[in-house]
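Engineer: Need coordinates for the below:
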Amino acid sequence: MINKEELDRYYTLSGNRKMLSRQFEEALPRFHSHAEGREYLKSLFGEDLVYLGSQEDEDDDQIVYCYTIVHDRSSWEEGRRKMKETGYASGSDFLHSSQDIQIYENGRIWLVY
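Structural biologist: A predicted model of the protein is given here:
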């Protein structure tokens, strides 16, 4: 089981982008519900796990809950501010400031790379 103290070992750098690796996704325990997965990720990332919304997955008739994990809070907040003010944010700093993750109703996790 991954804990906060060992979380850094699951990060990788891709250029200047800090992101969670596939090893992180593989090391996650198996969850049986969205709530179970969300609570576990919240215990690891706290306020840096941000809920974005939900949608139905047409392939398997499940609700998918979409989140982002903020890796660079200042760049992420600046990008969000620009989005609110102008309707768009350009530049790789905002794009690379977070990483999307989806939690399915049945607890399955999918991390975007």
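Engineer: ok, and what's touching stretch 50-64?
Structural biologist: 34, 65-70, 98, 100, 102-106 (C-beta atoms under 8 Å, 6 or more residues apart in numbering). For the C-beta atoms, the positions are set from N, CA and C on the backbone; glycine is no exception.
Engineer: for stretch 65-81, same thing?
Structural biologist: Residues from elsewhere that reach stretch 65-81 (C-beta under 8 Å, 6+ apart): 11, 18-20, 34, 38, 41, 45, 48-55, 89, 91, 93-105.
Engineer: Just the buried positions in it, please.
Structural biologist: Of the residues in stretch 65-81, 65-72, 75-76, 78-80 count as buried by neighbour count, 16 or more other C-beta atoms under 10 Å.
Engineer: if we can go back for a sec, keep only those of the contacts of stretch 65-81 that are in helices.
Structural biologist: Among the contacts of stretch 65-81, DSSP state H puts His34, Arg38, Leu41, Phe45, Asp93, Phe94, Leu95 in helices.
Engineer: Number of residues surrounding the spatially closest residue to the third one that is not a sequence neighbour?
Structural biologist: Spelled out, it's Leu41. Nearest residue to Leu41 in three dimensions, chain neighbours excluded: Leu49, at 5.2 Å (C-beta to C-beta, 6 or more residues apart in numbering). Close neighbours of Leu49, defined as other C-beta atoms under 10 Å, add up to 17.
Engineer: Distance check, Leu49 against Tyr88.
Structural biologist: 24 Å (C-beta to C-beta, to the nearest Å).
Engineer: Find the least confident helix or strand in this structure, judged by mean pLDDT.
Structural biologist: Among the helices and strands of the chain, helix 92-95 carries the lowest confidence by mean pLDDT, DSSP states H and E, at a mean of 80.
Engineer: Which residues outside that one are in contact with it?
Structural biologist: Asn16, Arg17, Asp72, Ser75, Trp76, Glu78, Gly79, Arg80, Lys82.
Engineer: Put together CSV for these, with secondary structure and pLDDT on each row.
Structural biologist: Formatted as CSV, those follow (DSSP: H, G, I helix; E, B strand; the rest coil; pLDDT from 0 to 100):
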residue, secondary structure, pLDDT
Asn16, coil, 75
Arg17, strand, 81
Asp72, coil, 91
Ser75, helix, 89
Trp76, helix, 92
Glu78, helix, 91
Gly79, helix, 90
Arg80, helix, 90
Lys82, helix, 89
